[in-house]
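Colleague: Mind folding the following:
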Amino acid sequence: MPRSLRVHLSGGFYHVTLRGNHQQNIFHEDDDRHLLNTIVARALEKSSARLHAYCWKSNHLHLLVQVSDVPLSASMRQIASEFARAMQRKMETTGHLFERRYHATLVDTDSYLLELVRYIHLNPVRARIASDPGGFRWSSHHAYTGVRSEPWVTTDFVMNMFSPDCRRALAAYREFLLCEPAEDLEGKLGERRDRVGVLGSDAFIAKVRNASVPRARQSLGELIQEACKRFDVEDHALNSSVRDSYLTKVRAWIANQAVKRRIAPLASVARTLGRDESTIREAIRKYPIEME
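Modeller: All right, here's what the predicted structure looks like:
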């Protein structure tokens, strides 16, 4: 059977699953999961990727990864091979620890990001391993609630979607976990097991398809200079911490044009302008109409 196409979208969010070979257990003791944490953190740093959620089950892994310009395959190859070699040395055995390939679904953040975080954190509850997410040790739920510090897990992007205030965000997150999912996300993810993994609106799917078109030759820096001339602002002002609605509109225009012209993903725009990606997304939502 031919392999399914891997879709790479710089700045994209992927739900990834990696299963033990023949559904066998991956871990044998707590130290094995601690080792995986170290390996994952190292792989994320090397590829400049972000991990927004995870759950380490006995025989399979769930990850929500946001990639950079480096394809997801690089991180997953490092994680799987490094951990497998370590376990083979420990168990003095050979053979495959994981199934040959991981499964990944590119996810529309506007439609499914929060649902996917809930899906991952409630996975042990659905499996009847724990009565609530806090009862299962090996997930990023504890980083979201502040019970455990895991610097290699990015929580602020999701929590800012609930509220910019930390206390309100935590209360909203806890309440969200208790709500019934709006739809069968597991079924939607499962439907895509044998196809190109993209989950989102028609507009998002069209965007992914267009991503294969070669990017414009204009660089992000050139686009920012274009914006500065067009809207009569200094480039250093765009990176300043000053709160100004006009500058926010200009940043939103730059972000819209960067994506529209296929110059750079939102994550790159945010880094260049010295902003969080969630802040740039909020600016686009607030000022969706291009400035004339």
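Colleague: what's the helix or strand harbouring E222 packed up against?
Modeller: Following DSSP states H and E, the helix or strand that holds E222 is helix 220-231. Using 3 or more C-beta pairs under 8 Å, 6 or more residues apart in numbering; DSSP states H and E as the contact definition, the elements that helix 220-231 packs against are helix 235-238, helix 245-260, helix 266-272. C-beta coordinates here come from the backbone N, C-alpha and C atoms, glycine included.
Colleague: got the contact list for the last one?
Modeller: Just to be clear, that refers to helix 266-272. Taking C-beta atoms under 8 Å, 6 or more residues apart in numbering as the criterion, the residues outside helix 266-272 that touch it are 10-11, 66, 68-69, 220-221, 224, 254-255, 258-259, 264, 276-277, 279-281.
Colleague: Check which residues of the helix or strand following that helix are buried.
Modeller: Beyond helix 266-272 in the direction of the C-terminus, DSSP H and E gives the next helix or strand as helix 277-286. Counting neighbours by 16 or more other C-beta atoms under 10 Å, one finds that the buried residues in helix 277-286 are E277, S278, I280, R281, E282, A283, I284.
Colleague: now swap in stretch 267-276 and tell me
Modeller: Going by neighbour count (16+ other C-beta under 10 Å), the buried part of stretch 267-276 is A267, S268, V269, A270, R271, T272, L273, R275.
Colleague: With adjacent residues omitted, what lies nearest to the residue nearest to the spatial centre of the chain?
Modeller: Ranked by distance to the mean C-alpha position of the chain (C-alpha atoms, centre = their mean), the top residue is Q66 at 3.1 Å. Closest residue in space to Q66, ignoring its immediate chain neighbours: R50 at 4.3 Å, by C-beta to C-beta, 6 or more residues apart in numbering.
Colleague: what's around the one you found, how many residues?
Modeller: By the criterion of other C-beta atoms under 10 Å, R50 has 19 neighbours.
Colleague: List the contacts of it.
Modeller: R50 makes contact with L44, V65, Q66, T154, F157 under the criterion C-beta under 8 Å, 6+ apart.
Colleague: ok, now N160?
Modeller: Neighbouring residues of N160 by C-beta under 8 Å, 6+ apart: A169, D276, S278.
Colleague: Which phi and psi values does the closest residue to N123 other than its chain neighbours adopt?
Modeller: When the adjacent residues along the chain are set aside, N123 lies closest to C55, with 4.9 Å between them (C-beta to C-beta, 6+ apart). Note on C55: backbone dihedrals following degrees, to the nearest 10 are phi -150, psi 120.
Colleague: for C55, which residues make a bridge with it?
Modeller: H62, S139 (DSSP bridges).
Colleague: Correct me if wrong: it contacts H121.
Modeller: Yes: with the criterion set as C-beta atoms under 8 Å, C55 and H121 qualify as a contacting pair; they are 6.8 Å apart.
Colleague: Please produce JSON lines containing the helices and strands packed on helix 220-231, extended by mean pLDDT and distance to F162.
Modeller: JSON lines is the format used below for the helices and strands packed on helix 220-231 (pLDDT from 0 to 100; distance: least, C-beta to C-beta, whole Å):
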{"stretch": "helix 235-238", "mean pLDDT": "89", "distance to F162": "27"}
{"stretch": "helix 245-260", "mean pLDDT": "90", "distance to F162": "21"}
{"stretch": "helix 266-272", "mean pLDDT": "91", "distance to F162": "19"}
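Colleague: No further queries at this time; thank you.
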